[in-house]
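**Q** Okay, predicted coordinates and the sequence, questions at the end:
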There are 4 protein chains.
Amino acid sequence: MDGVSIKVGIAGGAGYTGGELLRLLLNHPHAEVTFILSKSQAGKPVHAVHKDLLGDTDVYFSEEINPAIDVLFLCMGHGESKKFLESDELPANIKVIDLSQDFRWNESFNEDTVTDCNRAFVYGLPELNRVQIRTAESIANPGCFATAIQLGLLPLAQQNLITSEIHTSGITGSTGAGQSLSATSHYSWRSGNISNYKVLSHQHLHEIRRTLQGMQNQELPAINFVPYRGPFTRGILCTSYTKSDLNLSEATALYKDFYNGHPFVTIADSTPNLKQVVNTNKCLLHLQKEGGNLVVTSMIDNLLKGASGQAVQNMNLMFGLSEQAGLKLKASAF
Amino acid sequence: MDGVSIKVGIAGGAGYTGGELLRLLLNHPHAEVTFILSKSQAGKPVHAVHKDLLGDTDVYFSEEINPAIDVLFLCMGHGESKKFLESDELPANIKVIDLSQDFRWNESFNEDTVTDCNRAFVYGLPELNRVQIRTAESIANPGCFATAIQLGLLPLAQQNLITSEIHTSGITGSTGAGQSLSATSHYSWRSGNISNYKVLSHQHLHEIRRTLQGMQNQELPAINFVPYRGPFTRGILCTSYTKSDLNLSEATALYKDFYNGHPFVTIADSTPNLKQVVNTNKCLLHLQKEGGNLVVTSMIDNLLKGASGQAVQNMNLMFGLSEQAGLKLKASAF
Amino acid sequence: MDGVSIKVGIAGGAGYTGGELLRLLLNHPHAEVTFILSKSQAGKPVHAVHKDLLGDTDVYFSEEINPAIDVLFLCMGHGESKKFLESDELPANIKVIDLSQDFRWNESFNEDTVTDCNRAFVYGLPELNRVQIRTAESIANPGCFATAIQLGLLPLAQQNLITSEIHTSGITGSTGAGQSLSATSHYSWRSGNISNYKVLSHQHLHEIRRTLQGMQNQELPAINFVPYRGPFTRGILCTSYTKSDLNLSEATALYKDFYNGHPFVTIADSTPNLKQVVNTNKCLLHLQKEGGNLVVTSMIDNLLKGASGQAVQNMNLMFGLSEQAGLKLKASAF
Amino acid sequence: MDGVSIKVGIAGGAGYTGGELLRLLLNHPHAEVTFILSKSQAGKPVHAVHKDLLGDTDVYFSEEINPAIDVLFLCMGHGESKKFLESDELPANIKVIDLSQDFRWNESFNEDTVTDCNRAFVYGLPELNRVQIRTAESIANPGCFATAIQLGLLPLAQQNLITSEIHTSGITGSTGAGQSLSATSHYSWRSGNISNYKVLSHQHLHEIRRTLQGMQNQELPAINFVPYRGPFTRGILCTSYTKSDLNLSEATALYKDFYNGHPFVTIADSTPNLKQVVNTNKCLLHLQKEGGNLVVTSMIDNLLKGASGQAVQNMNLMFGLSEQAGLKLKASAF
């Protein structure tokens, strides 16, 4: 693989996920960034927007697509990806990895792929769809909360073991809400503060249900999800519980078996904390049994495993690279 | 009431709740602090420990009880209050307000008061037991999570409306864990971090169940509680949901009616955030209906309404003062 | 004084300083808020903007001035106060306390008061001008950094002891920059971050120099000030040093003598920390001697002693009340 | 260089700098960790202490040195390194990189190296001593504040341009104080808090003066340094100013020329912020001219360029590797 160099374009490079993708790709051993599209910032150096990249790159935001690429990442707002693919004439041979929610599910819910804009999108959760991703031409990259929650439940669903309602609470950092300015993104507001939002009605429930229902034979019970905004910048931690007949060692064996061979998922024996995964592409899971309930704690970095890191993981699979290429990031405990 | 001045002693004055109590009592219009007991700090000025009080008071920690008081607050660790009352010869005419969990419930669970150490302890949640508190000689001050969760559920229990399992998640700040040093109280660890603990097994469930079962005729269903440690210093925010036939306006009417005349509880029409209550003795509640679930968000300051503020509220009731005396604190939004 | 009730108007009540002023005045024993002017928010309840006041007041923002007041606080942006006084026909008998920088100094620099808009503004630093404030009709309330730095240097200037350059560094929280949204007020940016700004050119140097030069006989040397933005919401901490012949006990005696009788300034014997003053109207000073340098650490809450608290302190003086009326706030250590 | 693999030992691997070093070396292309010594943690897996490494390594802390290594990093407390080298019989052919202050300077101050424990220690600031480091057998790795301040002043000293006193203020995160528990490392204390310490007397002034005096012909004026503790975990930002005849473009040319060819130092044209360097080995410098003063802002990550990252940079130089090997870390803006 040493000679491989994938030519990459990024559309929507001025946002959080575009910047994070760029940070990854600048150090990726088998990828080179051909262009970074941003209509709003075209003509400026990328380090004028992503200031941490000063000293790392002198590339500029461009206004137009250069078709001489192998893969295009779409890092635009929800709804914008679809508009972009409808209006631009992207050559069919260019692979697409879309980070929005535009192609993650559709109404019918019962197809393996979502076909739209003349493309068939595979849901890009490698721990679920690794085989299909390897040959996919287009990827719908999962949502951040959806990634954390699904990784906590996939082994149960695969064994038809979700037989009772799921109860999940989860907390996300400020980068999950993007870089737009709002009253609740103001430092004075968010510092030391907590609030819930979209209680029992978060939009990621669609893609979670589509995945889990697709794995189970019997009807999937309700998934009740309480999301919180927390006073930190990066990461998502979720706790899910459901009634289960498994004892702890059975559950642990099931999870370790399911994730065997998946390099980014680890089962922690002791209670984990969010900063064990921040700045990495890892997902940490922890299992407990309390009374009749199986409790699963799952945590990821929302910008990496929950967005741009997972997108690179998908790219690696699509181009036959090591799944971990460019993703062996230095952990940071503090 | 202008001439009233209650003589107060504080035992365990070097900890977080003792300091917070002192902050309140120094500005209380009808109380004066006679002594602050601390075996470990005896002989030092209190501002050597509670440094924010420099310039506010020159009182010293003392080593011995002065019996010339009307009420003694016990701000010691769990288990220590009982030892203290067993070993010291506290005159029976001195009222006691205990902030530990030692007298909040007992095994039988079916008595109105907990009798121990020759004293009958009333559970000091004023919105539940205001009448009994007025004539009580001893008070068991509720736990912080227990206060937040109960205030969110009392109106339902009173009407026998808790008919399905309760699912609660809640986040607490660092002062909830006390001032002892530990790996998880280190700034480098806790800043930007989240973890859960005692999932589905938090000790406050005892007092919560005792209260709610005491109000309902039928058997109380399970209460499932997931507690989190958050990266902030003060406050608790909880979200509870349960299946309910009430629609939103019925639920709102029920809650407004129940808390009518209770000055510290407010029903918020829009989604609240934790800092609306930080540094106050207020509890804010917010109701939503999602599908068949009634969702109650409740929030308090863990050191005030969750500990020392509620203790002063109880003292006010016990001595016939306005419930709000000394508790009209400046709100702080940031 | 028991019967006194000052009728207060607030112009610009939707900003940080307006909200903080309202928080103070709602609990002030001798003031009542007649109206809160906000063109942008007129017609809304104030708790729709200052959400922490939910449950504390049901007053609404108004669009027009009610002239039946004793004093008007101007809490508007810099430049706006002057426009307001020029355009509105405020009766001359209404006292004015302006929190902007519009009337703190003028070019000539050598007058005791700044006369503009037909009013003579006394610089409202009570520890400097208490006598003049008592009879003033209009007050220019000092800037936040200016308050912290001046309180650290007044005793030296009074004794003509500033004979060498002053070197000051200071750190301010996010509320110092107001509530407008900007890239540097975004939580994701400011959390865990530090930057300097306006190095050696901060606008508060004007009012600081005016004060100190007005006190000294000889020419005032340069004051070099490096301001920082810190990742916290409230408070200012400054460290100033200059060459001095005083030893530590002489300096301490000088400072204690100067601030004797000033209830909000305390000299701390041991190294203080910012949270000793947060949420209070206090200023804490600490002195050290290192080599030939006298080092003065000074700290205040930028919204209280640095803005709205000091404004109330000025009001108290202007109306013959206790300087501390409504300002004995509960300290908060965390 | 592809075949090169340096065998590394770490003594004192349970602390912050030991853990950070391990994080770097696990991903280093030309190094392998042979052992991690920790008397207190011997026998435990390193991820039991550095929990973020769970899933990255299964290595254990060992109790004894394995002499089959090329280089030993000493990550122990100040004073401990000297004791260790005095008591252990470390083969002379093993290179040593010491992160303590034990060998950074000695009383005489006028030698190029510090000779002690039968070893000659080169001061490991690569931007100053790159040539000597390449052939050194032992390295004294600089202090964190010392690195940030010196990198801001080296170009001036080299040209004999430090002719007037230096005034520096700087802020450090909590990891700078190590992982031991203390009142000022408690989250409740440090969150939202600021304090200064060791004002004008910080121990790093020794090594700073030794370096700068060694470069200048004339006597070095006083360096006045005010250090602050800030509420964040990682990073150091310093502002230094001194009187200078250089205009801004001359100063910029001087700095760009000096750091030409040094991959980790970048001159920023616009005001930088700390998070541009956090989680990287970079140093960012920014120059301003205000009146007669040249102002230099310098910032680093205290655990990387200020400790373990610089140690790896030194190792790279000592073994003829690319200076950046294993140090092209993903930037992180948030």
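**A** Ah, there it is.
**Q** Please list all residues in contact with A:Met228.
**A** Quick fix: residue A:228 reads Tyr, not Met. Residues in contact with A:Tyr228, defined by C-beta atoms under 8 Å, 6 or more residues apart in numbering or on different chains, are A:169-172, A:194-197, B:169, B:171, B:237, B:239. No exception for glycine: its C-beta is placed from N, CA and C like everyone else's.
**Q** Also within reach of chain C: list those from the residues you listed.
**A** Among the contacts of A:Tyr228, no residue is within reach of chain C (C-beta under 8 Å from any C-beta of the partner chain).
**Q** Mind checking which of those are in strands?
**A** A:169-172, A:195-196, B:169, B:171, B:237, B:239 (DSSP state E).
**Q** Same list, those residues, but as JSON lines with pLDDT and neighbour count please.
**A** Below are those laid out as JSON lines (pLDDT from 0 to 100; neighbours: other C-beta atoms under 10 Å in any protein chain shown):
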{"residue": "A:Ser169", "pLDDT": "98", "neighbour count": "25"}
{"residue": "A:Gly170", "pLDDT": "98", "neighbour count": "26"}
{"residue": "A:Ile171", "pLDDT": "98", "neighbour count": "28"}
{"residue": "A:Thr172", "pLDDT": "98", "neighbour count": "24"}
{"residue": "A:Ser195", "pLDDT": "98", "neighbour count": "21"}
{"residue": "A:Asn196", "pLDDT": "98", "neighbour count": "25"}
{"residue": "B:Ser169", "pLDDT": "98", "neighbour count": "25"}
{"residue": "B:Ile171", "pLDDT": "98", "neighbour count": "28"}
{"residue": "B:Leu237", "pLDDT": "98", "neighbour count": "27"}
{"residue": "B:Thr239", "pLDDT": "98", "neighbour count": "25"}
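**Q** I'd like to know which of those residues is nearest to chain C.
**A** Minimum distance to chain C across those is 10.7 Å, recorded for A:Ser195 (C-beta to the nearest C-beta).
**Q** Next, the contact list for the closest one, please.
**A** A:184, A:228-229, B:237, B:271-274.
**Q** could you redo the last one with a cut-off of 10 Å?
**A** A:184, A:189, A:227-230, B:237, B:271-276, B:286, B:297, B:299 (C-beta atoms under 10 Å, 6 or more residues apart in numbering or on different chains).
**Q** Ok, A:Ala331 next?
**A** Counting by C-beta under 10 Å, 6+ apart, A:Ala331 makes contact with A:275-280, A:282, D:19-20, D:22-23, D:26-27, D:47, D:50-57.
**Q** go on, A:Arg229?
**A** A:Arg229 makes contacts with A:171-174, A:176-177, A:184-185, A:190, A:193-197, B:273, C:187, as judged by C-beta under 10 Å, 6+ apart.
**Q** Mind exporting the C-alpha coordinates of stretch A:306-325 to CSV?
**A** Extracted C-alpha coordinates of stretch A:306-325, given in CSV (Å, rounded to 0.1, in the frame of the first residue of the first chain):
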residue,chain,number,x,y,z
GLY,A,306,-18.9,10.6,15.7
ALA,A,307,-18.0,12.4,12.4
SER,A,308,-14.8,13.0,10.6
GLY,A,309,-12.8,10.2,12.1
GLN,A,310,-15.4,7.7,11.1
ALA,A,311,-15.5,9.3,7.7
VAL,A,312,-11.8,8.6,7.3
GLN,A,313,-12.3,5.1,8.6
ASN,A,314,-14.9,4.6,5.9
MET,A,315,-12.5,6.0,3.3
ASN,A,316,-9.8,3.6,4.4
LEU,A,317,-12.2,0.7,3.9
MET,A,318,-13.4,1.9,0.5
PHE,A,319,-9.8,2.1,-0.8
GLY,A,320,-8.5,-1.1,0.7
LEU,A,321,-6.3,0.6,3.2
SER,A,322,-5.8,-0.5,6.8
GLU,A,323,-8.9,0.6,8.7
GLN,A,324,-6.6,2.5,11.2
ALA,A,325,-4.6,4.4,8.6
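**Q** Just the mean pLDDT for it, thanks.
**A** Mean pLDDT, stretch A:306-325: 98.
**Q** what does the stretch 51-200 of chain A put close to chain B?
**A** For the stretch 51-200 of chain A, the contact set with chain B under C-beta under 10 Å from any C-beta of the partner chain comprises A:165, A:167-173, A:184, A:186-200.
**Q** low-confidence ranges in the stretch 51-200 of chain A?
**A** For the stretch 51-200 of chain A, the stretches with pLDDT under 70 are A:109-111.
**Q** quick one: the helices in it?
**A** A:80-87, A:126-135, A:144-158, A:187-190 (DSSP state H, counting those that start in this stretch).
**Q** And the last one, what does it pack against?
**A** Packed against helix A:187-190, as judged by 3 or more C-beta pairs under 10 Å, 6 or more residues apart in numbering or on different chains; DSSP states H and E, are the following elements: helix C:187-190.
**Q** how much space between A:Cys117 and A:Ser138?
**A** 9 Å (C-beta to C-beta, to the nearest Å).
**Q** From the residues of the stretch 51-200 of chain A next to chain B, list the buried ones, please.
**A** Listed as buried from those are A:167-173, A:186-196, A:199-200; burial here means 16 or more other C-beta atoms under 10 Å in any protein chain shown.
**Q** Looking at chain A, name the residue that lies furthest from the middle.
**A** A:Gly291 (32.2 Å; C-alpha atoms, centre = their mean).
**Q** tell me the contacts of that one?
**A** A:241, A:243, B:200-201, B:222, B:224.
**Q** Which of the residues you listed fall within strands?
**A** Residues of those located in strands (DSSP E): A:241, A:243, B:224.
**Q** Which residue comes closest to the second one once chain neighbours are left out?
**A** Same thing as A:Lys243. A:Ser164 (3.9 Å; C-beta to C-beta, 6 or more residues apart in numbering or on different chains).
**Q** What of the last one?
**A** With C-beta to C-beta, 6+ apart as the criterion, B:Asn224 has its nearest non-adjacent residue at 5.1 Å, and that residue is B:His167.
**Q** The one you found against B:Tyr241, yeah?
**A** Yes - counting by C-beta atoms under 10 Å, B:Tyr241 is a contact partner of B:His167 at 5.5 Å.
**Q** Give the intersection of the neighbour lists for the two.
**A** A:167, A:224, A:226, B:293, B:295.
**Q** quick check, nearest of those residues to B:Leu248?
**A** For the shared contacts of B:His167 and B:Tyr241, the residue nearest B:Leu248 by C-beta to C-beta is B:Val295; the value is 9.9 Å.
**Q** quick one: that closest one from chain D, how far?
**A** 30 Å (C-beta to the nearest C-beta, to the nearest Å).
**Q** Phi first, then psi, for that residue.
**A** phi -110, psi 130 (degrees, to the nearest 10).
**Q** hmm, back to that, quick check, nearest of the contacts of A:Tyr228 to chain D?
**A** Using C-beta to the nearest C-beta, the contacts of A:Tyr228 come closest to chain D at A:Thr172, 12.8 Å.
**Q** contacting residues around that closest one?
**A** Contacts of A:Thr172 (C-beta under 10 Å, 6+ apart): A:144-145, A:148, A:197, A:227-230, A:232, A:234-238, A:302, A:306, B:194.
**Q** Next, the contact list for the nearest residue to A:His186 once chain neighbours are set aside, please.
**A** Of all residues not flanking A:His186 in the chain, C:Ser185 sits nearest, at 5.5 Å (C-beta to C-beta, 6+ apart). Listed by C-beta under 10 Å, 6+ apart, the contact set of C:Ser185 reads A:181, A:185-189, C:174-175, C:177-179, C:229.
**Q** Make a markdown table out of these and add distance to C:Glu127.
**A** As requested, these are arranged in a markdown table below (distance: C-beta to C-beta, whole Å):
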| residue | distance to C:Glu127 |
| --- | --- |
| A:Leu181 | 38 |
| A:Ser185 | 38 |
| A:His186 | 33 |
| A:Tyr187 | 31 |
| A:Ser188 | 28 |
| A:Trp189 | 33 |
| C:Ser174 | 26 |
| C:Thr175 | 23 |
| C:Ala177 | 26 |
| C:Gly178 | 26 |
| C:Gln179 | 29 |
| C:Arg229 | 27 |
